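Asker: predicted coordinates and the sequence they were generated for:
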Amino acid sequence: MSSSKPVQLNIRLPNEAASDLDILAGEEHASRVDVARQILQDGIDRKKKALALRLYHEGRASKSRAAKIAGVSLWEMMDLIDGAAIPSGYTLQQAVEDVRDLVARLRTLGKSA
C-alpha cells in the first residue's frame, strides 16, 4: 500500500456480504474493516493486472508500460503474460520503449545513490 495519508471510503454492502466479512474476520482473528481492506486491495491488484494484460494483448501497451500499470516488475509482467498464454507480438518500437524506460530507471537509481 501507499505511504501517503489514507483516504476514508464509505460503501454500502448487501447484508450477505457484511455477514461474509464477519465470518472471514472471525476465522482470521481480524476486524471486519481489516478483512474488507485486504479484500479490496487484492481486488484492485487483480484488476490492475487484468487491465495491463488486456492492454498488452490489444497492442496498446508495451511490456514495460503494462508492468507499470499492473504495479509489478517487468520480469513479473513477463511471467503474467506467459501465464495468460498471450502470444508475443513484441515490436521493435516496444523494444526501444523498454530500453528507454530501463535507461531512465538506471539514471534515477544512479542519482539517488
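Answerer: Yes, it's here.
Asker: residue contacts, the spatially closest residue to residue 28 that is not a sequence neighbour?
Answerer: Spatial nearest neighbour of residue 28, chain neighbours left out: residue 35 (6.3 Å); criterion: C-beta to C-beta, 6 or more residues apart in numbering. From N, CA and C alone the C-beta is placed, and that goes for glycine too. Residues near residue 35 by C-beta atoms under 8 Å, 6 or more residues apart in numbering: 21, 24-25, 28.
Asker: if you set the cut-off to 6 Å instead, what comes out?
Answerer: Residues counted as contacts of residue 35 (C-beta atoms under 6 Å, 6 or more residues apart in numbering) are 21, 24-25.
Asker: among those residues, name the ones in helices.
Answerer: 21, 24-25 (DSSP state H).
Asker: which one (most neighbours) among those residues?
Answerer: Counting neighbours by other C-beta atoms under 10 Å, the top entry in these is residue 21, with 19 neighbours.
Asker: show me where pLDDT drops low in this structure?
Answerer: In the predicted model of the chain, residues 1-3, 88-90, 112-113 satisfy pLDDT under 70.
Asker: change it to 90
Answerer: Within the chain, the set of residues satisfying pLDDT under 90 comprises 1-4, 59, 62, 85-99, 101-102, 104-113.
Asker: for it, which segments count as helices?
Answerer: 15-28, 32-57, 63-70, 74-83, 92-112.
Asker: go through those and name the closest to residue 5.
Answerer: Residue 5 lies closest to helix 32-57 among the helices of the chain, at 15.1 Å (C-beta to C-beta).
Asker: what about that closest one, distance to the chain center?
Answerer: 6 Å (C-alpha atoms, centre = their mean, to the nearest Å).
Asker: what are the buried residues along stretch 100-113?
Answerer: Residues residue 101 are the ones in stretch 100-113 that count as buried (16 or more other C-beta atoms under 10 Å).
Asker: then stretch 13-25?
Answerer: By neighbour count on 16+ other C-beta under 10 Å, the buried set for stretch 13-25 is 21, 24-25.
Asker: for residue 70, see how far away the residue nearest to residue 28 is.
Answerer: When distance is defined by C-beta to C-beta, to the nearest Å, residue 35 is 24 Å away from residue 70.
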